[in-house]
Each structure stands twice: as C-alpha cells, then as structure tokens.
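Engineer: Quick one, fold the following:
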Amino acid sequence: MNNKGSLTCVGTGITLAGQITVLAKNYLESADQVFAIMPDYMSEEWLKSINPNYKSLQYLYQEGKSRRQTYREMTEEVCHAVREGKKVVLALYGHPGIFACVGHFAISDLQAEGYSAQMLPGISADACLYADLGIDPGTYGCQSYEASQFLFGGIEPNVGAYLVLWQISLAGEHTLKTFKTTKDNLKATVRLLNKYYPIEHEVIIYEAPFLPIQQPRIEKFPLKELPEIELKSISTMVIPPLTPLKLKQEALDEFGLNITDFGQDSK
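Structural biologist: Residues are numbered from 1 along each chain as shown. Modelled structure (predicted):
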C-alpha cells in the first residue's frame, strides 16, 4: 500500500469564483488530481483554469439510478487516485461537507486505510441565506432540516424560531432516483406544516445567487400556495417565527430567575 497519497476536500462557495478561500485555492493549484462535483459548465471551466488535471464526476449521475450507488461510485474513484499515491483534491459546490456525502465517505474510507484525508470549510448556502435575508440565528434561533427528513420524522418545530427546510424541491421524494418531487407531495407538505402554522402564514423561497451579477431569489407567499410555486434544486424554504420566544418559569427556576425579570407576563 502506498500511503503517500492524500485527499483534501474543499468547497468552492456558492457564488462563482468569489467565495473560495485562499487556502482551498492553494490546495487546488498544487493537486496532482482534482475531482469535482459542480453544478454547471462555467464552474467546471473555472476549475480547469486553476488546475488542468481536472475530472468531473458528474458523468456518474444517471436517470433512474439510485443516488446512493452514484455516491459510492464517486467515492471509489476519488479513493482509487489517492491509493495510487496522488495528492488529490475533491472540489464541491458550497461547503464540502454540507449536503455532500462523497467527501465524508472518502475521508472515512481513506483514514481507515491510513491515508491523510481532511476537509476544509467553505461558504455554504446557509451563510448566504443569513446574509441575504438579514437573519441572525442568535436572535430568534434557527432550526435546519433536510425537507424530507423533517417531514418523514414528524418533527415538531419550535414555532418561535426560524425553520429552514433544505431541498424543498425534493420534499417527500424517497426513491433517490429523481431530482424533483410531485405536486401531491407538496400538498402533503402543506398539510403537515399546517399542524403548526396557519395556512396564511408567510413563508419564503430562497435561492442564493450563482453569479456576482445575479440577485438572490427571495419570494414570499402564504404557506397554502407552496404546491403552485416554481421550485429548483437550489430552492430552500424558510418559515419565519410564528410567535415570540417564550420563557418557561420552571427552566428559569434553575437559575434563580423569574419571568418578570425579563419583562414578560407569567401567565
């Protein structure tokens, strides 16, 4: 076994070319082999300009094939190059470890075999969301779930905090063989959310801009209209708080405090 090979997973950020870190770019420039899973042709051409030893893994996606199988095939291709003794970089859109399992799989497999494998942080969609929507998660709190994970788990949200549902365009899709949900699934999503939020409660579809000249998509509408809204793979649904943060006296008792210390009614 040749343990001279190594893997570094880097994120390229959301906005093309402008959100990659200096450290991540340095690793890209010095790599023997760069693999990438990028959203479009422009991103791939930009990476090729940084390092011509580039190969896209997008070809492994096939209609009707489970994404579980696709991700394992991507992982194996990356690991194979490391086992050959190459200094490999895997470049992923956004943050390399958020909604991107290939990097996690490859690092786990290679570290178990004694290879050097690491992940560098990158700017992700949630960082863009906080900036574009003007949300400070420290003010109200923020719950963040993959949409189907939230729905299938029957999770009860804290309606006094923001609720962020990633990959809303796949809500209720469980086969992992398609990249789009159905209108019926979106209607079911509304029914489940309506247990906690009024049907008229305003929600937001957010999409981070890909190019510096683009503006973010920030579309606000009543919850009931979700099934009729155009959704893309990059669409995220944000549900603003329904109620103010409520303190509980039994919790404050542990700190020797009273609700009235915060100007709130004890009712």
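
Engineer: which residue packs closest to residue 168, ignoring adjacent ones?
Structural biologist: residue 237 (4.2 Å; CB to CB, 6 or more residues apart in numbering). No exception for glycine: its C-beta is placed from N, CA and C like everyone else's.

Engineer: correction: residue 132
Structural biologist: For residue 132, the spatially nearest residue (CB to CB, 6+ apart) is residue 216, at 4.3 Å.

Engineer: Tell me, how many residues neighbour that neighbour?
Structural biologist: Using other CB atoms under 10 Å, residue 216 has 14 other residues around it.

Engineer: any idea of the pLDDT on it?
Structural biologist: Reported pLDDT at residue 216 in the predicted model: 97.

Engineer: what's the answer for the one 4 residues further on, then?
Structural biologist: In the prediction, the pLDDT value recorded for residue 220 is 98.

Engineer: wait, isn't it in contact with residue 206?
Structural biologist: No: assessed by CB atoms under 8 Å, residue 220 is found out of contact with residue 206, at 9.9 Å.

Engineer: and these two? which has more neighbours close in?
Structural biologist: The residue with more neighbours, out of residue 220 and residue 206, is residue 206; 22 against 11, by other CB under 10 Å.

Engineer: Show me the beta-bridge partners of that one.
Structural biologist: Residues found in beta-bridge contact with residue 206 (criterion: DSSP bridges) are residue 218, residue 236.

Engineer: From residue 180, how far out is it?
Structural biologist: Per CB to CB, to the nearest Å, residue 206 is found 18 Å from residue 180.

Engineer: With residue 61 instead?
Structural biologist: Residue 61 sits at a distance of 14 Å from residue 180 (criterion: CB to CB).

Engineer: which one of those two has more residues nearby?
Structural biologist: Between residue 61 and residue 180, counted using other CB under 10 Å, residue 61 has the larger neighbour count: 14 against 11.

Engineer: residue contacts, residue 226?
Structural biologist: By CB atoms under 8 Å, 6 or more residues apart in numbering, the residues touching residue 226 are 186, 189, 190, 203, 237.

Engineer: burial measure for the last one, as a count.
Structural biologist: Read it as residue 237. Neighbour count for residue 237, taken as other CB under 10 Å: 23.

Engineer: measure it to residue 111 for me?
Structural biologist: In this view, residue 237 and residue 111 are 35 Å apart by CB to CB.

Engineer: Then the third one?
Structural biologist: Remark: distance between residue 190 and residue 111 (CB to CB) = 43 Å.

Engineer: Please say which of these two ends up with more neighbours.
Structural biologist: More crowded of residue 190 and residue 111, by other CB under 10 Å: residue 190, with 18 against 13.

Engineer: Just confirm that one is within a helix.
Structural biologist: Yes: per DSSP: H, G, I helix; E, B strand; the rest coil, residue 190 lies within a helix segment.

Engineer: thinking again about what came up before, most widely separated two among the contacts of residue 226?
Structural biologist: Farthest apart among the contacts of residue 226 by CB to CB are 186 and 203. That separation is 12.1 Å.

Engineer: Show me which of these two is the more surrounded one.
Structural biologist: Taking neighbours as other CB under 10 Å, residue 186 and residue 203 compare with residue 203 leading, 23 against 20.
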